[in-house]
Every structure is written in structure tokens, then in C-alpha cells.
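Enquirer: Got a predicted structure here, sequence first:
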Amino acid sequence: MNSSRTCQRCGVRSQREEMFTSLCLDVFLDATVEQLLQDYQQTVPVDYACRCGSNKSIMASTFHTLPQNLILQLKRFKTATMEKRHDAVHLSPELQVPTHLSDRFYRLVSIISHSGTTPDSGHYRSFGLHPDQRGGQRWLCYDDNIVSATRGPDVFRGVQETAYVLFYQKQRTC
């Protein structure tokens with residue numbers, strides 16, 4: 001990721017490149033994953049003491065490069081209270097990630113969901129795209145020692161309020 005900070009008074013800009021293994025996205029009601037990713041990259045005001053004397057700057061993050069595998073953690077737990085957020089996040093089998101060069105497409109290949117009210121209680125389940133990948137319809141549900149077959153659309157609807165970690169794989173372009 002490229003992070004840039006720009007002083008609101010004098011326009012001085014500083015940039016840095018940061019390496020991430022995953023991105024933590026804020027969750028809000030009835031959002032799509034694309035919207036959560038766009039929100040992550042929005043310009044936000046920050047307090048920063050510039051040499052010109054101003055404390056008002058803006059910060060923005062953009063993708064410098066895109067990884068082969070994109071891991072997105074949905075912030076389901078409020079930091080101060082550890083209260084669980086059950087806001088629905090609409091999942092789809094493909095994710096379009098805009099960059100400064102061009103848009104890239106990713107396929108959702110795995111989901112970890114958490115049912116419960118706190119991070120140290122509840123139940124985790126994992127869903128994965130079936131290895132044959134025929135149209136992305138065949139998925140597997142891993143629930144403790146039970147593995148069962150399911151369908152992609154059923155998974156996406158069923159985990160809207162419990163999806164916690166999303167794993168995407170970059171698709172080849174023609």
C-alpha cells in the first residue's frame with residue numbers, strides 16, 4: 001500500500017510504502033466488500049504537526065501493487081468493548097479492485113465465519129471453494145470434524161452477518 005499525508009495549509013506531502021499480509025476493513029450496514037475496500041482507501045483528516053505550524057492534514061491509502069492472494073479481515077469486534085457487530089456484508093464470488101494502473105479481478109475462494117458475541121466464545125466455521133471450481137457454485141463447509149457440500153450462493157447469503165476473514169485469489173487476465 002502507498003500511504004500519503006498532505007498538509008491542508010501548505011500542501012507538503014509525505015509518502016511511504018507499507019507491506020501488509022491482510023487488510024482490516026471497518027464494517028457498516030448493508031455494505032458490499034467493494035464498498036468496504038473503497039472506504040478503506042478514502043481520504044481522511046488526521047492531526048499531524050507540519051513544519052508550517054498547521055495540525056490539519058489528510059491521509060490516503062492506495063494499492064501500490066496487488067498480491068496474488070488478497071486477505072480481508074472484517075472488523076466485527078468493537079475495540080473498546082469487544083462487542084460483536086452483526087451488520088450484513090454482501091459477498092459475491094468476484095471482487096473488482098481498482099488500482100492506479102487498471103482494475104484487477106479476484107475470486108472469493110474461502111471464508112472464515114464466527115457465530116457468537118465475543119471473540120473468545122462462539123463457533124468458527126470455514127467455507128472453501130470446491131477444488132473442481134466449476135463456475136464457483138460448489139463449495140465445502142468445514143465445521144469441526146464434519147465436511148459437507150454446499151453451494152456458493154447459499155454460503156454468501158448464510159454468512160453475511162458472520163463472515164470474519166475473506167480470502168481472494170487474483171484471476172488471470174486475457
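Expert: Alright, I've got the coordinates.
Enquirer: which residues of the protein fall in helices?
Expert: Ranges of helices in the chain, per DSSP state H, are 33-40, 152-158.
Enquirer: Can you lay out these as TSV showing mean pLDDT and mean neighbour count?
Expert: Yep, even glycine has a C-beta here, placed from its N, CA and C like the rest. Converted to TSV, these look like this (pLDDT from 0 to 100; neighbours: other CB atoms under 10 Å):
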stretch	mean pLDDT	mean neighbour count
helix 33-40	94	17
helix 152-158	94	17
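Enquirer: And the ones you listed: which comes nearest residue 165?
Expert: With CB to CB as the criterion, residue 165 lies closest to helix 33-40 of the helices of the chain, at 12.0 Å.
Enquirer: could you dump the closest one to CSV, C-alpha only?
Expert: Taking Å, rounded to 0.1, in the frame of the first residue of the first chain, the C-alpha atoms of helix 33-40 are listed here in CSV:
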residue,chain,number,x,y,z
VAL,A,33,-17.0,-5.9,0.1
GLU,A,34,-16.1,-3.4,-2.7
GLN,A,35,-17.6,-0.6,-0.7
LEU,A,36,-15.6,-1.7,2.4
LEU,A,37,-12.5,-1.7,0.3
GLN,A,38,-13.3,1.8,-1.1
ASP,A,39,-14.0,3.1,2.4
TYR,A,40,-10.6,1.8,3.5
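Enquirer: Now do that helix: which elements does it pack against?
Expert: Counting contacts by 3 or more CB pairs under 8 Å, 6 or more residues apart in numbering; DSSP states H and E, helix 33-40 packs against strand 23-26, strand 69-75, strand 89-90, strand 94-97.
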